[in-house]
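[1] next comes the sequence, and after it the predicted model I'd like to discuss.
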Amino acid sequence: MCGIVGAVAERNITAILLEGLKRLEYRGYDSAGVAVFTNDGILDRVRRPGKVSELDQALAATPLIGRLGIAHTRWATHGAPCERNAHPHFSGQNLAVVHNGIIENHEALREQLKAQGYVFTSDTDTEVIAHLLAHKLKDLHDLTVALKATVKELHGAYGLAVISADQPDRLVAARSGSPLVIGLGLGENFLASDQLALRQVTDRFMYLEEGDIAEIRRDSVQIWDIDGKAVEREAVQYGDNAESAEKGEYRHFMLKEIHEQPTVVQRTLEGRLSQQQVLVQAFGPEAPELFAKVRNVQIVACGTSYHAGMVARYWLEELAGIPCQVEVASEFRYRKVVVQPDTLFVTISQSGETADTLAALRNAKELGFLASLAICNVGISSLVRESDLTLLTQAGREIGVASTKAFTTQLVGLLLLTLSLGQVRGTLAPGVEATLVEELRRLPTRLGEALAMDSTVEKIAELFADKNHTLFLGRGAQYPVAMEGALKLKEISYIHAEAYPAGELKHGPLALVDNDMPVVTVAPNNELLEKLKSNLQEVRARGGELIVFADEKAGMSNGEGTHVVQMPHIHDILSPILYTIPLQLLSYYVAVLKGTDVDQPRNLAKSVTVE
Ligand code: F6R
């Protein structure tokens with residue numbers, strides 16, 4: 001959620017910290033701050049509510065020059081987004097802390113520290129860490145040793161970076177439940193919550209593992225594991241082919257990412273298909289043997305990734321004949337789950353760092369699942385590291401907070417999973433795999449055709465300019481597509497949107513329908529089409545305006561209060577992937593009309609690393 005950057009160097013590091021924050025801003029953006037041990041020998045900080053650009057302006061007016069510093073962009077959990085609550089937090093004048101995560105026992109610690117005379121100036125849980133560390137330093141003197149003692153008293157999740165004016169030779173860091181990576185330079189070293197922040201200064205990285213403490217100096221890095229044992233972590237080198245964080249010709253990252261879908265879907269398929277089959281080894285060398293044992297699938301994910309899982313349930317049951325359950329991670333992790341024998345536990349995540357999904361995976365390991373599989377977009381994420389099997393989607397970096405290309409590539413990954421399970425277990429109907437492999441090969445072209453409707457959808461978006469509520473309807477595997485459409489619209493345009501299975505309409509939501517409530521629906525040409533058409537009649541009869549994305553062969557056309565957008569014909573199984581595109585475009589253009597911050601919608605953050 002929040003972003004952390006740190007640096008210890010021979011040169012002035014303020015511009016490096018600021019550039020790192022700009023690159024991390026997609027993670028959290030309601031306030032930002034930087035603390036630097038200045039060349040005048042004092043620890044100084046500048047913090048501002050709002051975006052990193054506000055901090056940038058403040059630093060232009062009051063520059064901080066120094067060779068050691070930490071910085072933070074915040075997504076508020078404890079305390080409102082204001083300067084007082086922005087990080088870095090100080091204890092006294094000599095100690096600064098930035099933190100990503102949530103300290104669950106902060107109230108008890110706060111009371112203890114207050115009783116010991118510490119004065120709190122913010123409402124954050126982070127300030128507790130600063131004072132606790134300062135307190136430990138009184139006896140232990142060494143910053144690294146004091147940090148080791150401090151984290152023993154913290155319950156919750158944290159990625160921490162700390163500097164002290166008394167020991168300005170180092171930056172110290174701790175990871176538990178919130179990712180941190182060290183960037184290795186020549187005679188200088190860096191720290192960040194995401195390597196993207198440091199691509200400007202290095203291409204060599206060392207990932208901290210759960211429970212690690214690190215002491216980072218200009219010319220050395222030392223790491224201790226959760227048991228306090230000195231350990232080496234592997235340094236990884238990245239080439240230059242990392243996705244650019246530039247918008248290019250597009251007005252927003254979201255639009256760019258929507259238009260990247262043919263390419264990234266193609267990439268997700270590359271090397272995973274033979275002439276007529278899915279290569280099961282794409283899930284790892286053990287996959288064929290393991291998949292043969294699978295009798296059930298449990299999918300767990302959050303938000304958009306959860307919707308991908310909901311689509312997969314239709315595929316797994318229909319094509320591979322495997323019972324499948326899907327649940328949001330925040331519920332699954334606290335439920336007393338009864339695990340069926342031989343159940344494959346599947347997590348889906350763009351970031352691979354979503355706190356609830358990770359916690360669900362960790363719980364699942366204790367529950368007797370057959371094995372765990374992560375369908376994930378980030379190869380170096382915690383979820384991938386902690387799962388038995390992995391399928392990496394190849395969406396590339398997704399910067400827009402609203403997930404788009406991650407979703408469609410997840411769907412591709414899940415269809416590959418369905419076909420692999422069905423293939424290994426011999427449960428696919430004859431010819432199905434070869435047909436769908438062929439259809440998958442054509443999918444990027446079909447997606448391109450759907451994207452060509454961009455300007456048609458832009459016009460349709462005008463219907464929503466003065467609306468406050470919208471209903472999305474779908475049937476079968478299009479129901480989760482409708483859910484995803486509603487989520488996109490609400491998160492970036494702030495229009496209240498709800499999704500219903502079309503057949504549920506008359507069981508309640510129909511009461512809401514009038515001419516102020518547009519109803520959006522997706523209508524591929526399948527066996528549910530006629531039933532869907534009847535549901536749409538129910539809407540029209542109540543004066544509801546219909547926006548229908550319909551197969552060109554569905555026999556639907558424009559009429560009074562009915563706007564039909566013809567979609568290219570596609571095999572029904574792949575239709576959830578195709579029909580997602582116009583719904584993404586619709587949300588995007590409605591948000592642009594409404595003038596909202598498309599890439600960084602209010603109150604949200606990319607990569608939800610807190611519970
Ligand atoms: C919505 C969105 C979120 C994420 C959710 C899970 O557009 O992006 O709902 O899908 O926070 O994130 P990941 O996939 O990173 O686990």
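    Arrived safely, thanks for sending.
[2] buried sites along stretch 205-223?
    Buried residues in stretch 205-223, counted by 16 or more other CB atoms under 10 Å: 205-210, 212-216, 218, 221, 223. Backbone N, C-alpha and C define where each C-beta goes, glycine included.
[3] can you check stretch 246-263 too?
    247, 252-263.
[4] make TSV from the buried residues of stretch 205-223 and add distance to residue 488 to it.
    TSV is the format used below for these (distance: CB to CB, whole Å):
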residue	distance to residue 488
205	32
206	37
207	32
208	34
209	35
210	33
212	37
213	40
214	39
215	44
216	40
218	46
221	42
223	41
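[5] take those and lay them out in a markdown table including pLDDT.
    Formatted as a markdown table, these follow (pLDDT from 0 to 100):
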| residue | pLDDT |
| --- | --- |
| 205 | 95 |
| 206 | 96 |
| 207 | 93 |
| 208 | 94 |
| 209 | 90 |
| 210 | 87 |
| 212 | 96 |
| 213 | 98 |
| 214 | 98 |
| 215 | 98 |
| 216 | 98 |
| 218 | 97 |
| 221 | 98 |
| 223 | 98 |
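[6] quick check: the nearest residue to residue 310 once chain neighbours are set aside vs residue 138, distance?
    Residue nearest to residue 310 in three dimensions, not counting chain neighbours: residue 480, with 3.6 Å by CB to CB, 6 or more residues apart in numbering. To residue 138, residue 480 is 56 Å away according to CB to CB, to the nearest Å.
[7] hmm, back to that, looks to me like the residue nearest to residue 310 is in a helix.
    Yes - assessed with DSSP: H, G, I helix; E, B strand; the rest coil, residue 480 lies in a helix.
[8] quick one: it and residue 82, what's the gap?
    The spacing between residue 480 and residue 82, counted by CB to CB, is 39 Å.
[9] now the helices for the stretch 1-150 of the chain?
    Using DSSP state H, counting those that start in this stretch, the helices of the stretch 1-150 of the chain run over 14-24, 52-61, 106-115, 126-140, 143-151.
[10] quick one: contacts of the first one?
    Contacts to helix 14-24, defined as CB atoms under 8 Å, 6 or more residues apart in numbering, come from residues 3-7, 9, 32, 34, 36, 52, 55-56, 59, 63-66, 69-73, 190, 192-194, 196-201, 245.
[11] now, these that are in strands?
    Among those, the residues falling in strands (DSSP state E) are 3-7, 32, 34, 36, 66, 69-73, 190, 192.
[12] those residues: which ones sit near the ligand?
    Near the ligand, taking CB under 6 Å from any ligand atom as the test, no member of the ones in strands among the contacts of helix 14-24 is found.
[13] give me the buried subset of the contacts of helix 14-24.
    For these, buried by 16+ other CB under 10 Å: 3-7, 9, 32, 34, 36, 52, 55-56, 59, 64, 66, 69-73, 190, 192-194, 196-199, 201.
[14] so residue 480 and residue 138 - more neighbours on which side?
    residue 480 (25 against 9; other CB atoms under 10 Å).
[15] what residues does the stretch 251-400 of the chain put near the ligand?
    Residues of the stretch 251-400 of the chain lying close to the ligand (CB under 6 Å from any ligand atom) are 302, 303, 304, 305, 349, 350, 351, 354, 357.
[16] most neighbours, which of those?
    Those, ranked by neighbours (other CB under 10 Å): first place residue 349, 34 neighbours.
[17] hey, what's that residue bridged with?
    Beta-bridge pairing for residue 349 (DSSP bridges): residue 376.
[18] give me the neighbour count for the closest residue to residue 420 other than its chain neighbours.
    Excluding the flanking residues, the one nearest residue 420 by CB to CB, 6+ apart is residue 280, at 4.4 Å. Residues near residue 280, counting by other CB under 10 Å, number 22.
[19] thinking again about what came up before, mind putting the residues of the stretch 251-400 of the chain next to the ligand in JSON lines, pLDDT, secondary structure and distance to residue 458 included?
    Below are these laid out as JSON lines (pLDDT from 0 to 100; DSSP: H, G, I helix; E, B strand; the rest coil; distance: CB to CB, whole Å):
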{"residue": "302", "pLDDT": "97", "secondary structure": "coil", "distance to residue 458": "30"}
{"residue": "303", "pLDDT": "97", "secondary structure": "helix", "distance to residue 458": "25"}
{"residue": "304", "pLDDT": "97", "secondary structure": "helix", "distance to residue 458": "22"}
{"residue": "305", "pLDDT": "98", "secondary structure": "helix", "distance to residue 458": "27"}
{"residue": "349", "pLDDT": "97", "secondary structure": "strand", "distance to residue 458": "31"}
{"residue": "350", "pLDDT": "95", "secondary structure": "coil", "distance to residue 458": "26"}
{"residue": "351", "pLDDT": "92", "secondary structure": "coil", "distance to residue 458": "30"}
{"residue": "354", "pLDDT": "92", "secondary structure": "coil", "distance to residue 458": "32"}
{"residue": "357", "pLDDT": "97", "secondary structure": "helix", "distance to residue 458": "34"}
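[20] so residue 188 touches residue 8, yeah?
    Yes - the criterion here is CB atoms under 8 Å, and residue 188 meets it with residue 8 at 6.7 Å.
[21] more neighbours: which of these two?
    The residue with more neighbours, out of residue 188 and residue 8, is residue 8; 24 against 21, by other CB under 10 Å.
[22] per-residue confidence at the more buried one?
    pLDDT for residue 8: 98.
[23] so it bridges to which residues?
    Counting by DSSP bridges, the residues bridging with residue 8 are residue 68, residue 189.
[24] I'd guessed it sits against residue 66; true?
    No - using CB under 8 Å, residue 8 is not in contact with residue 66; the gap is 10.1 Å.
[25] hey, C-alpha coordinates of stretch 138-145 in PDB?
    Extracted in PDB, the C-alpha atoms of stretch 138-145 (Å, rounded to 0.1, in the frame of the first residue of the first chain):
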ATOM      1  CA  LYS A 138      18.900   4.000  25.600                       C
ATOM      2  CA  ASP A 139      20.100   0.600  26.800                       C
ATOM      3  CA  LEU A 140      21.300  -1.100  23.700                       C
ATOM      4  CA  HIS A 141      23.000   1.900  22.000                       C
ATOM      5  CA  ASP A 142      23.400   0.200  18.600                       C
ATOM      6  CA  LEU A 143      20.700   1.000  16.000                       C
ATOM      7  CA  THR A 144      20.600  -2.500  14.500                       C
ATOM      8  CA  VAL A 145      20.600  -4.300  17.800                       C
END
